[in-house]
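Chemist: here is a sequence together with a model predicted from it:
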Amino acid sequence: MSSKKIEPLEAVSDIKFLDQTLRPSRWNEYIGQKNIKENLRILLSAAKERSHPPEHILFYGPPGLGKTTLAHLIAKETGSQMKITSGPAIERVGDLASIITNLSPGDILFIDEIHRLNKTIEEVLYPAMESGTLDIIIGKGPSARTLQLDLPPFTLIAATTKIALISSPLRSRFSGGIFRLDFYTEGEIGEILSRSSKILEVPINKDAIEEISKRSRFTPRTANYLLKRSRDFAQVHKRKLDKKTVEEALTLLGIDKEGLSHSDRQILETLIHKFAGGPVGLNTLAAALSEEEATIEEFNEPYLIQIGFLERTPRGRTVTRLGYKHSGVNAKKTNPQEKLL
């Protein structure tokens, strides 16, 4: 007889869909982005009064700020079914045709990371968004012919972290609006953490919430991640989730008081100790760290620049005075050329 323990279905479901559980399901649960929420409220209310589906919408901004969550909330607010896909998943025109032709009137199509959509597919998407038709070329050579399919009224909601990579013709077709999601304040992150802790049924002190907020990089996804890891630490060590417990848990994760990870600090230390604070080109810095250029440029640098620890100049990356102070090094550095004299 097998001794394997069978987990209750409810418990397995809680574990599997934990991140989805933390996602707001109503407008009043969505904290922050007040200007965007007000614009969307007007857009959706007006469309509802006209009995039309909302116009196409594009959300952009850094990862973890709630672009996908907003798409889900719009679907719930309008009572629409939402089909979800991503730019890289649509490899051929036939893939897009299959998705769009299976939509029902009033449905929402959500395309995540739309900047990675193939340009050929992008051009097929233009008439679908603008006039509700899909033009497909059947066959090749002289026998090729164009088939035009009428599409049901639908709303395209797209999200991207790199709006500059979306072509101007595609951007112009988001007639409902293009909205940029901003980073959150510590107060807003604190509200999100309070809500998440109630869902997770984890008692947490106000000081502990403030400590996580300071290290969350102003991003809800990061804040919820740090909360879950702090909860795990407190559970294993049989402790209350207070400020001291949070500090120990996040120190173990390598997250310092400014929210910098080990790799963030390594960038600052490499610039300071190996290159006298910069300026240093990205390829040189990546070689010194044995790291990919894209990882440094897209993952580490934005936050370091945002909090004023790093500066991009025409000559390369430079550590600021705040960066020196955080690293505990005197900002007065010796000119590398002087060392050779």
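Modeler: Noted; the coordinates are in hand. Quick caveat, the model's predicted, so the values are computed rather than measured. Numbers count the residues shown, from 1 in each chain.

Chemist: hey, let's count contacts and neighbours off CA atoms from now on
Modeler: Noted.

Chemist: now Ile74: phi and psi?
Modeler: Taking degrees, to the nearest 10, you get phi -60, psi -40 for the backbone angles of Ile74.

Chemist: what number of residues lie near it?
Modeler: The number of residues packed around Ile74, counting by other Cα atoms under 10 Å, is 20.

Chemist: pop the domain breakdown of this protein in here.
Modeler: Structural domains of the chain, as assigned by automatic domain parsing, span the residue ranges 33-138+146-180, 186-253, 262-339.

Chemist: any chance of those in JSON lines with mean pLDDT and distance to Ser25 as columns?
Modeler: Conversion of those to JSON lines gives the following (pLDDT from 0 to 100; distance: least, Cα to Cα, whole Å):
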{"stretch": "domain 33-138+146-180", "mean pLDDT": "87", "distance to Ser25": "6"}
{"stretch": "domain 186-253", "mean pLDDT": "90", "distance to Ser25": "12"}
{"stretch": "domain 262-339", "mean pLDDT": "80", "distance to Ser25": "29"}
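
Chemist: just tell me which of the ones you listed ends up closest to Thr21.
Modeler: Between Thr21 and these, the shortest separation by Cα to Cα is 7.8 Å, and it involves domain 186-253.

Chemist: Thr68: what's it in contact with?
Modeler: Counting by Cα atoms under 8 Å, 6 or more residues apart in numbering, Thr68 makes contact with 112, 159.

Chemist: tell me how far it lies from Thr185.
Modeler: When Cα to Cα, to the nearest Å is applied, the distance between Thr68 and Thr185 equals 20 Å.

Chemist: about what we covered before: can you lay out the domains of the chain as CSV showing distance to Arg23?
Modeler: What follows is the domains of the chain, written out as CSV (distance: least, Cα to Cα, whole Å):
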stretch, distance to Arg23
domain 33-138+146-180, 7
domain 186-253, 9
domain 262-339, 23
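
Chemist: Arg26: which of these is closest?
Modeler: For the domains of the chain, proximity to Arg26 was assessed by Cα to Cα; domain 33-138+146-180 is nearest, at 6.5 Å.

Chemist: distance from that closest one to the middle of the chain?
Modeler: Using Cα atoms, centre = their mean, to the nearest Å, the mean C-alpha position of domain 33-138+146-180 is found 17 Å from that of the whole chain.

Chemist: endpoints of it, how far apart?
Modeler: Across domain 33-138+146-180, the terminal residues are separated by 9 Å (Cα to Cα).

Chemist: ok, now stretch 234-246?
Modeler: Per Cα to Cα, the first residue of stretch 234-246 is 8 Å away from its last.

Chemist: look up the closest residue to Arg231, ignoring the ones flanking it.
Modeler: Excluding its sequence neighbours, the residue lying closest to Arg231 (Cα to Cα, 6 or more residues apart in numbering) is Leu241, at 6.8 Å.

Chemist: the one you found: neighbouring residues, count only.
Modeler: The number of residues packed near Leu241 is 24, by other Cα under 10 Å.

Chemist: phi and psi next, for it.
Modeler: Dihedral angles phi and psi of Leu241 (degrees, to the nearest 10) take the values phi -90, psi 80.

Chemist: likewise for the one 10 residues further on?
Modeler: The phi and psi torsions at Thr251 (degrees, to the nearest 10) take the values phi -60, psi -40.

Chemist: what does Leu310 give?
Modeler: Dihedral angles for Leu310 - degrees, to the nearest 10 - are phi -140, psi 150.

Chemist: and His52, by the same measure?
Modeler: Here the main-chain torsion angles of His52 (degrees, to the nearest 10) amount to phi -120, psi 150.

Chemist: spatially nearest residue to it, not counting backbone neighbours?
Modeler: Nearest non-adjacent residue to His52 (Cα to Cα, 6+ apart): Gly106, at 7.8 Å.

Chemist: cool, and Glu258?
Modeler: In space, not counting the residues next to it along the chain, Glu258 is nearest to Arg215; the distance is 5.4 Å by Cα to Cα, 6+ apart.

Chemist: what about the one you found, how many neighbours?
Modeler: Once other Cα under 10 Å is used to define contacts, Arg215 is seen to have 21 neighbours.

Chemist: can you tell me how far Arg173 is from Gly328?
Modeler: Look at Arg173 and Gly328: by Cα to Cα, they are 50 Å apart.

Chemist: nope, Leu322 is what I meant
Modeler: According to Cα to Cα, Leu322 stands 10 Å off from Gly328.
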